[in-house]
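Novice: compute the structure for the input listed below.
(chains A and B)
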Amino acid sequence: MPEQSREDRLAAAFVELADTLVGDFDIIAFLHTLADHCVDLLDVTAAGVMLATPQGDILDAAASDERTRALETDSIDWNEGPCLDCFRTGKAISDIPLTHPHARTHWPRFAHKAQELGFASVAAAPLRLREQTIGALNLFRATPDPLEPAQLRLGQALADIATIGILQQRAVHEQTVVSGQLQTALDSRIIVEQAKGALAHMRSISADEAFDQLRRYARHHRRRLTDVAREVMDGSTEAPLPAPEQ
Amino acid sequence: MVSSQMSQLLHDLTTKRDSGLTLPSARLRACAMVLGLDGLAVSLTQPGDSTELLRHTGERAAQLEDIQFTQGQGPGLEAARTGLPVTEPDLTTNHSARWPGLVPELLALGVRAVFAYPLALGTVRLGVLTGHRTTAGALSGEQDADARALAQRLTLMLLDRAASPHDPTVWLTETSHLHRAEVHQATGMVAKQLDVSPAEALVRIRAHSFHTGRPLLETARAILARELFLTANHPPAGDNRP
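Specialist: Alright, predicted model coming up:
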């Protein structure tokens, strides 16, 4: 199979990262895709992605290989590392050698561990859209020569696409959930009205009287009015109807 | 693009919670005025290509919704279903192919123009905002922009639980007077009378209203008052017993 040109692979990566409005969207698998594309398209050895929960806790969500995953986990445990700084400031971190004073001062344990694992330098790009930073992308290199700025810009572009995709998917999901709840609430209300009419016929009473009986029954048996109404309409034989006296 | 008057109204809609009621009719009436309309109605989508009326500015607007509900067709239902605006600036020139049987009823009601805007966000279709005029004529560019802005704001209000002190599901189920409450009560009654499903019962009620030309709500009230009994036969010609 002819190997795709880098341009083709890059284009394919962008398309794949933009395609988040699918029914079975899996955020972890998606972030793994981001990490893998970075390793494939950028001049980096490994990549890791951290993602923040809605409550603000940061998680090591994905990594391109096992050693990087372990390093990201340690970073969170130690509460130090370029990925965390990037997430908290919302600002990218340019390629820094792990022996650099900044790395040694700010991330002593992380820098040491990363070097042990064979990495020589690190960069980070925020997963950010305007004022909202939802995570960070860590990029690792095994060679001491610096990552070109254009490479970091490309990494940022991949992160940006991923971020927009994630935020859109979350918004649509939330809207779908709320819309469903509105529908359910309306359905429940309608069924209660139907049950009033049904019970009114069965007992030869008014709809208002029927409503009273339904409510008293629900309260007495600590059941939801909607559920009682549904049973009246279903005519399910196990459900005892409100006794006429109640 | 949105007029300053509509901007102000939209602002009031979302910031002023009049005794906890989301979207009071008075505010909706103010919107109708700015839009140069004689009435507005907000309906939510229901399964089976139907809608449920939530808020309206007056009797004619409510009837416009009820007639469409009865017949199962109309500009509002179409907008709700397709997610696209549906407008008829002059019903007198309407080609009868579109909504056959509906237009004469609307004209008899005094409606000459209808403007239906979907309440939708992406793939989420919540309902429809339907405006009407008793004189023919299209909305101006500014009025159309205002109407779209209102529709969008209503959609967001319905979806936005965080901003409202009252969860929309609560104001729907507990504090809101459902315009068609009696229709649903009558549905339950007829379902038990004829031993049919509620869906079937509603179809018969709607058919009776359509064939007799009697407004839907009136038909429902007659059923509840035991003045009208729908028979088990087709066509559903009602049996008026004293």
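Novice: please count neighbours and contacts with C-alpha atoms only from this point.
Specialist: OK.
Novice: spell out which residues of chain B are next to chain A.
Specialist: B:45-46, B:122, B:124, B:126, B:159, B:168-170, B:172-173, B:181-182, B:184-193, B:198, B:224 (C-alpha under 8 Å from any C-alpha of the partner chain).
Novice: residues contacting the residue nearest the centre of chain A?
Specialist: Chain A has residue A:27 as the residue nearest its centroid, 5.6 Å off, counting by C-alpha atoms, centre = their mean. Residue A:27 sits next to residue A:166 when contact means C-alpha atoms under 8 Å, 6 or more residues apart in numbering or on different chains.
Novice: for chain B, see how far away it is.
Specialist: Computed as C-alpha to the nearest C-alpha, to the nearest Å, the residue A:27 to chain B distance reads 21 Å.
Novice: report pLDDT for that residue.
Specialist: For residue A:27, the pLDDT comes out at 91.
Novice: and if you look at residue B:135?
Specialist: 97.
Novice: and the nearest residue to it once chain neighbours are set aside, how many residues sit next to it?
Specialist: Nearest non-adjacent residue to residue B:135, counting by C-alpha to C-alpha, 6 or more residues apart in numbering or on different chains: residue B:112, 5.3 Å away. Neighbourhood size, residue B:112 [other C-alpha atoms under 10 Å in any protein chain shown]: 21.
Novice: so where do the strands sit in the chain?
Specialist: Here I'm looking at chain A. A:46-52, A:58-63, A:93-97, A:121-129, A:132-141 (DSSP state E).
Novice: my question was about chain B, not that one.
Specialist: B:39-46, B:50-56, B:86-88, B:113-121, B:124-133, B:228-229, B:239-240.
Novice: include mean neighbour count when you put the ones you listed into a markdown table, please.
Specialist: Shown next, in a markdown table, are those (neighbours: other C-alpha atoms under 10 Å in any protein chain shown):
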| stretch | mean neighbour count |
| --- | --- |
| strand B:39-46 | 24 |
| strand B:50-56 | 21 |
| strand B:86-88 | 19 |
| strand B:113-121 | 25 |
| strand B:124-133 | 26 |
| strand B:228-229 | 18 |
| strand B:239-240 | 12 |
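Novice: rank those by pLDDT, which is bottom?
Specialist: strand B:239-240 (a mean of 48).
Novice: ok so, going back, ChimeraX command for the buried members of the residues of chain B next to chain A?
Specialist: Selection of buried members from those for ChimeraX, criterion 16 or more other C-alpha atoms under 10 Å in any protein chain shown:
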select /B:45,46,124,126,159,168,169,172,173,181,182,184,185,186,187,188,189,190,191,192,193,198,224
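Novice: show me which helix runs longest in chain A.
Specialist: Ranked by residue count under DSSP state H, the longest helix found in chain A is helix A:149-203.
Novice: OK, contacts around the residue nearest to residue B:219 when sequence neighbours are not counted?
Specialist: Leaving aside its chain neighbours, residue B:219 sits nearest to residue B:209 (6.3 Å; criterion: C-alpha to C-alpha, 6+ apart). Contacts for residue B:209 (C-alpha under 8 Å, 6+ apart) come out as B:70, B:215, B:216, B:219.
Novice: check whether stretch A:187-197 contacts chain B.
Specialist: Yes - shown here: stretch A:187-197 in contact with chain B (C-alpha under 8 Å from any C-alpha) through A:188, A:189, A:190, A:191, A:193, A:194, A:195, A:196, A:197.
Novice: C-alpha coordinates for that stretch, PDB please?
Specialist: C-alpha atoms of stretch A:187-197 as PDB (Å, rounded to 0.1, in the frame of the first residue of the first chain):
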ATOM      1  CA  ASP A 187     -45.300  13.700  28.600                       C
ATOM      2  CA  SER A 188     -45.800  13.100  32.300                       C
ATOM      3  CA  ARG A 189     -48.000  16.200  32.600                       C
ATOM      4  CA  ILE A 190     -50.200  15.000  29.700                       C
ATOM      5  CA  ILE A 191     -50.500  11.500  31.200                       C
ATOM      6  CA  VAL A 192     -51.700  13.000  34.500                       C
ATOM      7  CA  GLU A 193     -54.400  15.000  32.600                       C
ATOM      8  CA  GLN A 194     -55.400  11.800  30.800                       C
ATOM      9  CA  ALA A 195     -55.600   9.900  34.100                       C
ATOM     10  CA  LYS A 196     -58.000  12.600  35.500                       C
ATOM     11  CA  GLY A 197     -60.400  12.000  32.600                       C
END
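Novice: contacts only, for residue B:30.
Specialist: By C-alpha under 8 Å, 6+ apart, residue B:30 lies in contact with residue B:9.
Novice: any idea how far it is from residue A:150?
Specialist: Taking C-alpha to C-alpha, to the nearest Å as the measure, residue B:30 falls 55 Å from residue A:150.
Novice: do residue B:34 as well
Specialist: In terms of C-alpha to C-alpha, residue B:34 sits 53 Å off from residue A:150.
Novice: compare those two (neighbour count), which wins?
Specialist: Neighbours per residue (other C-alpha under 10 Å) separate residue B:34 from residue A:150, with residue B:34 holding more: 15 against 10.
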